[in-house]
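Asker: make a model of this:
(one chain, ligands or ions: 1)
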Amino acid sequence: MRDFSQDHRWLSINTATVRKSRGQDLPLTDILDACARHGIRAISPWRDQVAAAGLKTVSAQVRALGLELSGYCRGGMFPSLDAAGQQAARDDNRRAVDEACELAAPCLVLVVGSLPGALAGQAAHKDLQRARDQVRDGIEELFGYAKAAGMPLAIEPLHPMYAGDRACINTMEQALDVCDALDPDKTGALGVAVDVYHVWWDPKLQAQIERAGKSRLLAFHVCDWLTPTTDLLNDRGMMGDGVIDIPRLRGWVEAQGFQGYSEVEIFSTGNWWQREHDEVLRTCIERHRSAV
Ligand code: ZN
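Answerer: Numbers count the residues shown, from 1 in each chain. As a prediction, this is how the structure comes out:
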């Protein structure tokens with residue numbers, strides 16, 4: 001297992017972690033400058049942040065600062081009620097692939113979606129299997145496009161508390177079943193994003209990481225699970241502040257040959273988004289060395 005205690009060579013910052021500084025929105029261009037200033041070599045930006053700053057502006061800035069991406073957030077949200085919705089999801093996901101290519105991302109992360117309308121507060125139906133079938137079909141369709149573009153797709157299983165609205169793929173096993181069905185040769189073009197926040201509780205986690213193997217392990221996201229957690233979405237903890245044995249999980253991933261970035265992804269309305277972003281980045285660096 002790699003020694004992270006001496007430097008932050010393998011730290012990446014998911015830009016949602018510092019999307020706010022002292023509660024105020026922080027533009028992506030400022031986030032990139034701050035990361036470079038702290039000697040952080042990689043980032044994973046969100047599409048809305050990129051759109052706000054302008055794709056060309058961001059890709060030029062990434063290159064000028066010598067930054068790499070550890071992923072691009074995100075595509076997915078496949079299920080919909082009708083053909084028009086499906087077409088819109090298809091088009092939007094293809095644009096996400098194109099943007100990821102422009103930014104030279106190593107993969108496009110997929111949060112697959114679930115019951116149509118649920119995120120807006122009103123699910124149109126309760127047929128979870130139908131949503132899962134649409135997700136599978138949506139990934140299959142996008143996979144053809146992404147393969148041709150040379151952009152790997154990383155399915156991110158989300159914690160089951162999001163099964164109704166954000167993602168109906170909730171375990172590594174489910175994600176890998178889709179990968180194995182659509183990419184049986186393990187080409188590296190389809191895999192998973194392992195986010196410790198979503199999968200740490202899974203008794204099958206180690207076995208499924210071994211099943212994934214190096215070719216399917218496309219991204220590794222870290223933060224911590226706070227006890228108690230006070231918000232289902234925006235109360236993620238800083239590494240070391242919660243109950244996830246992150247070094248153990250990183251050991252499992254690296255035992256398969258994963259040598260990529262450890263991407264810090266923290267959504268924290270009440271704590272970290274209230275702090276000054278330089279303090280947050282300094283803390284990420286410190287905890288990367290001591291708790292990851
Ligand atoms: Zn994640």
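
Asker: any idea what the residue in the stretch 51-200 of the chain that the ion sits nearest to is bridged to?
Answerer: In the stretch 51-200 of the chain, the residue that lies nearest the ion is residue 195 (3.4 Å; C-beta to the ion). The way it works is simple: take the backbone N, C-alpha and C, and place the C-beta from them, glycine included. For residue 195, the residues forming beta bridges with it (DSSP bridges) are residue 221.

Asker: show the contacting residues for residue 251.
Answerer: Residue 251 makes contacts with residue 1, as judged by C-beta atoms under 8 Å, 6 or more residues apart in numbering.

Asker: the same query, at a cut-off of 10 Å, please.
Answerer: By C-beta atoms under 10 Å, 6 or more residues apart in numbering, the contact set of residue 251 is 1-2, 206, 209, 245.

Asker: who wins for neighbours among the residues you listed?
Answerer: Using other C-beta atoms under 10 Å as the neighbour test, the contacts of residue 251 are led by residue 209, with 25 neighbours.

Asker: what residues are up against that residue?
Answerer: If you count contacts by C-beta under 10 Å, 6+ apart, residue 209 has them with 172, 176, 192, 194, 199, 202, 216-217, 249, 251-256, 258.

Asker: same thing but at 6 Å, please
Answerer: Residue 209 is in contact with 252-253, counting by C-beta atoms under 6 Å, 6 or more residues apart in numbering.

Asker: how about residue 234?
Answerer: Counting by C-beta under 6 Å, 6+ apart, residue 234 has contacts 267, 269.

Asker: what do you get if the cut-off is 8 Å, keeping everything else the same?
Answerer: If a contact means C-beta under 8 Å, 6+ apart, then residue 234 has 267-270, 273 as its contacts.

Asker: before we move on, the earlier item: out of the contacts of residue 251, which sit inside helices?
Answerer: 206, 209 (DSSP state H).

Asker: what residues does the stretch 101-250 of the chain have near the ion?
Answerer: 195, 221 (C-beta under 5 Å from the ion).

Asker: mind redoing it with 6 Å?
Answerer: 156, 193, 195, 221 (C-beta under 6 Å from the ion).

Asker: from residue 142, how far out is residue 104?
Answerer: Separation of residue 104 from residue 142 (C-beta to C-beta, to the nearest Å): 19 Å.

Asker: the two - which one has more neighbours?
Answerer: Taking neighbours as other C-beta under 10 Å, residue 104 and residue 142 compare with residue 142 leading, 24 against 14.

Asker: does that one touch residue 86 like I think?
Answerer: No - applying C-beta atoms under 8 Å as the test, residue 142 and residue 86 come out as separate, 11.7 Å apart.

Asker: what touches both of the two?
Answerer: Contacts common to residue 142 and residue 86, judged by C-beta under 8 Å, 6+ apart, are absent.

Asker: which parts of the stretch 101-250 of the chain are strands?
Answerer: Along the stretch 101-250 of the chain, counting by DSSP state E, counting those that start in this stretch, strands occupy 108-111, 153-155, 190-195, 217-222.

Asker: any chance of the ones you listed in TSV with mean neighbour count as columns?
Answerer: Formatted as TSV, the strands of the stretch 101-250 of the chain follow (neighbours: other C-beta atoms under 10 Å):
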stretch	mean neighbour count
strand 108-111	27
strand 153-155	27
strand 190-195	27
strand 217-222	26
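
Asker: so can I have TSV of those showing distance to residue 287 and mean pLDDT?
Answerer: Formatted as TSV, the strands of the stretch 101-250 of the chain follow (distance: least, C-beta to C-beta, whole Å; pLDDT from 0 to 100):
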stretch	distance to residue 287	mean pLDDT
strand 108-111	22	98
strand 153-155	24	99
strand 190-195	16	99
strand 217-222	9	98
